[in-house]
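Asks: This is a predicted model, with the sequence first.
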Amino acid sequence: MDLEKRPRGTFEPRVHPGDQPPEPRALREPEAAEGCLAVAIRIPVRIVVLVLVVPVRMLWDALVVTGRFLNDALLRPLGRALLWLGRAVFVWPFVGLWRYVVVPVGKALGWLGNVLLVVPVVWLYRRVLTPVGHGLAWIARGIGSAGAWVAGGVAAALGWVYAQLLTPVGHAVAWVLKGIGAGLAALGIGVWTAVAWLVRYLVVVPAVRLYTWVLAPVGRAVARCGKGLVWLVRMIATGIGTALYWIARILLVLPVLVLWRWILAPVGRVLAVIGREVWDALGHAWRVAGHISLTVGRFLGTLLRWIFVEPVRWVYRSVLTPVGHVVRDTVLRPAAEAARSVGRATRQALAAAGESVRQARAEFRRMLFGGPREPEPVGRREPSGREARTLGSSTTALTKD
């Protein structure tokens with residue numbers, strides 16, 4: 001068992017299907033990163049971890065073998081049986097119900113619905129509603145034509161009234177309204193001019209002078225005072241913030257930085273080295289335990305084979321097989337031949353009995369109803385093959401003499 005550090009770039013052989021070869025240390029970090037602490041920790045940790053991991057690996061391999069055996073011998077057949085039982089209890093009855101009950105009933109209901117509803121409705125639409133609709137449409141078109149003729153006469157009368165009566169009256173009313181509108185417009189312009197002059201000199205001019213000489217100077221003074229106040233508040237806040245920053249840096253940041261740099265970081269590096277070595281030791285011990293478990297399993301398998309399998313095989317080959325051959329040659333084959341002979345004799349007897357029954361039935365039918373009628377010969381008009389054809393005779397049915 002090699003517990004020393006592996007050479008750079010080497011891999012250990014794959015033993016178990018679940019084991020993966022570890023990544024070489026040369027690919028993870030340079031050799032110069034390891035110090036005396038890692039070398040001093042590696043061997044004791046690997047020894048201790050190996051002692052702890054070997055029973056766990058052997059127990060794990062035993063559980064894996066037991067699980068595979070149970071899966072192949074018990075769980076998989078049981079699952080197949082439960083699947084078949086589930087199909088027989090739940091699937092096949094519903095399939096049969098759907099195929100032999102629901103589908104035929106649905107087809108019958110569809111046929112009845114087609115015969116009782118669709119066909120009568122289609123006949124009613126084609127033979128009753130369509131002719132009635134065509135008649136109503138023809139009547140409506142006739143009424144529409146008459147209405148259009150009446151509407152044309154009314155429209156002509158209304159057009160004459162509009163052109164001869166309403167248009168002159170409208171022109172006169174429009175001329176009167178234009179005169180009234182011109183007078184009202186002149187009056188409105190005068191009133192608007194007076195109101196605009198009063199608003200300008202009573203409202204706008206005093207407001208402009210108030211803004212220019214009073215509100216603008218006061219606003220500029222207030223703005224300057226606000227800027228000064230904001231600058232003062234900003235300077236006070238800056239001073240307080242700077243003081244709090246330095247206080248927090250001195251009281252919190254620098255101690256935390258010192259604690260991290262001089263205590264936590266070295267301790268973390270040591271713990272990282274220890275953890276890495278423990279992890280590597282666990283991987284190495286797991287692989288070595290796999291070798292040990294494989295060796296122990298092979299030994300136990302060989303021991304079981306020589307204790308149980310080989311004696312059973314010898315008994316089967318040396319004792320049971322000759323005895324079985326003797327029993328087959330002396331008992332089973334003669335019994336099978338006798339059974340086949342009895343079967344042939346029985347079939348021949350049954351065939352003879354059936355033939356006798358058929359003959360008796362035929363004789364009884366012939367005795368009651370007589371024999372079958374003989375077919376009458378039909379005269380053929382074709383010449384026989386021995387007669388020769390001549391130019392004066394014919395062999396067809398239409399020209400034969």
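Replies: Yes, it's here. From a predicted model like this one, the values you see are computed outputs, not experimental measurements.
Asks: what helices or strands is the host helix or strand of Ala265 leaning on?
Replies: In the assignment (DSSP states H and E), Ala265 maps to helix 265-304. Under the contact definition 3 or more Cβ pairs under 8 Å, 6 or more residues apart in numbering; DSSP states H and E, helix 265-304 sits against helix 36-70. Heads up, the C-betas are built off the backbone N, CA and C, glycines and all.
Asks: The helix it packs on vs helix 265-304, what angle?
Replies: 40 degrees (axes from the mean of the first three to the mean of the last three Cα atoms, to 10 degrees).
Asks: Can you point out the buried residues in helix 36-70?
Replies: 38, 41-42, 45-46, 49-50, 53-54, 57-58, 60-61 (16 or more other Cβ atoms under 10 Å).
Asks: May I have the next helix or strand after it as CSV, with CA atoms only?
Replies: The helix or strand immediately downstream of helix 36-70 is helix 76-86, counting by DSSP H and E. The C-alpha coordinates for helix 76-86 follow below in CSV (Å, rounded to 0.1, in the frame of the first residue of the first chain):
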residue,chain,number,x,y,z
ARG,A,76,-37.8,-6.2,-10.9
PRO,A,77,-40.1,-9.4,-11.1
LEU,A,78,-42.3,-8.0,-8.4
GLY,A,79,-42.6,-4.7,-10.3
ARG,A,80,-43.4,-6.5,-13.6
ALA,A,81,-46.0,-8.6,-11.7
LEU,A,82,-47.5,-5.4,-10.2
LEU,A,83,-47.5,-3.7,-13.6
TRP,A,84,-49.3,-6.7,-15.2
LEU,A,85,-51.8,-6.8,-12.3
GLY,A,86,-52.4,-3.0,-12.6
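Asks: And the residue nearest the centre of this structure?
Replies: Compute the mean C-alpha point of the chain, and by Cα atoms, centre = their mean the closest residue is Val91, 22.9 Å away.
Asks: okay, and for the stretch 201-350 of the chain, where does confidence drop off?
Replies: Judged by pLDDT under 70, the stretch 201-350 of the chain has no weakly predicted residues.
Asks: returning to that earlier point: between the buried residues of helix 36-70, which sits nearest Ala137?
Replies: Distance to Ala137, by Cβ to Cβ, is smallest for Trp60 among the buried residues of helix 36-70, at 91.4 Å.
Asks: With Leu300 as the reference, measure out to that closest one.
Replies: Look at Trp60 and Leu300: by Cβ to Cβ, to the nearest Å, they are 16 Å apart.
Asks: again with Leu83
Replies: 35 Å.
Asks: just Asn114 next, same as before
Replies: Counting by Cβ to Cβ - Asn114 and Leu300 are separated by 76 Å.
Asks: do Gly283 as well
Replies: With distances taken as Cβ to Cβ, Gly283 is found 26 Å from Leu300.
Asks: Would you mind telling me which of those two has the busier surroundings?
Replies: Legend: neighbour count by other Cβ atoms under 10 Å for Gly283 and Leu300, higher for Gly283 (18 against 11).
Asks: what about the more buried one, distance to Val49?
Replies: From Gly283 over to Val49 the distance is 9 Å, taken as Cβ to Cβ.
Asks: before we move on, what about Ala148?
Replies: 110 Å.
Asks: do Trp286 as well
Replies: Separation of Trp286 from Val49 (Cβ to Cβ) stands at 9 Å.
Asks: what pLDDT does the residue nearest to the centre of the chain get?
Replies: Val91 carries a pLDDT value of 90.
Asks: do the one 3 residues further on as well
Replies: Each residue has a pLDDT score; the one for Phe94 is 90.
Asks: Need the three-state assignment for it.
Replies: Here Phe94 is recorded as helix under DSSP: H, G, I helix; E, B strand; the rest coil.
Asks: which residues does it contact?
Replies: For Phe94, no contacting residues are found, by Cβ atoms under 8 Å, 6 or more residues apart in numbering.
Asks: Could you measure from it over to Arg358?
Replies: 49 Å.
Asks: got it, and Leu129?
Replies: For Leu129, the distance to Arg358 - Cβ to Cβ - is 69 Å.
Asks: Leu83 too?
Replies: 52 Å.
Asks: what's the helix or strand for Lys107?
Replies: For Lys107, the enclosing helix or strand under DSSP H and E is helix 103-113.
Asks: how about the CA coordinates for the helix or strand just after that helix, as CSV?
Replies: Proceeding N to C from helix 103-113, the next assigned helix or strand is helix 119-124, under DSSP H and E. What follows is helix 119-124 as a C-alpha-only set of coordinates in CSV (Å, rounded to 0.1, in the frame of the first residue of the first chain):
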residue,chain,number,x,y,z
VAL,A,119,-82.2,14.6,-41.3
PRO,A,120,-85.6,16.1,-40.3
VAL,A,121,-84.0,19.6,-39.7
VAL,A,122,-82.3,19.4,-43.1
TRP,A,123,-85.5,18.3,-44.8
LEU,A,124,-87.5,21.1,-43.1
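Asks: Next, the buried residues of helix 119-124.
Replies: Buried residues in helix 119-124 (16+ other Cβ under 10 Å): none.
Asks: What's the first helix or strand after that helix?
Replies: helix 130-161.
Asks: Now do the buried residues in that next one.
Replies: In helix 130-161, counting by 16+ other Cβ under 10 Å, buried: nothing.
Asks: right, and the secondary structure at Thr321 would be what?
Replies: Going by three-state DSSP: Thr321 is helix.
Asks: quick one: which helix or strand includes Val176?
Replies: helix 167-199.
Asks: Report the angle between that helix and helix 130-161.
Replies: For helix 167-199 and helix 130-161, the angle between their directions (the same axes, to 10 degrees) works out to 70 degrees.
Asks: Counting by contacts, list what helix 167-199 packs against.
Replies: Going by 3+ Cβ pairs under 8 Å, 6+ apart, helix 167-199 lies up against no helix or strand.
Asks: in that helix, what's buried?
Replies: Here helix 167-199 shows no buried residue, counting by 16+ other Cβ under 10 Å.
Asks: that older thread, can you give the distance from the helix holding Lys107 to the centre of its chain?
Replies: Its chain's C-alpha centre and that of helix 103-113 lie 34 Å apart, by Cα atoms, centre = their mean, to the nearest Å.
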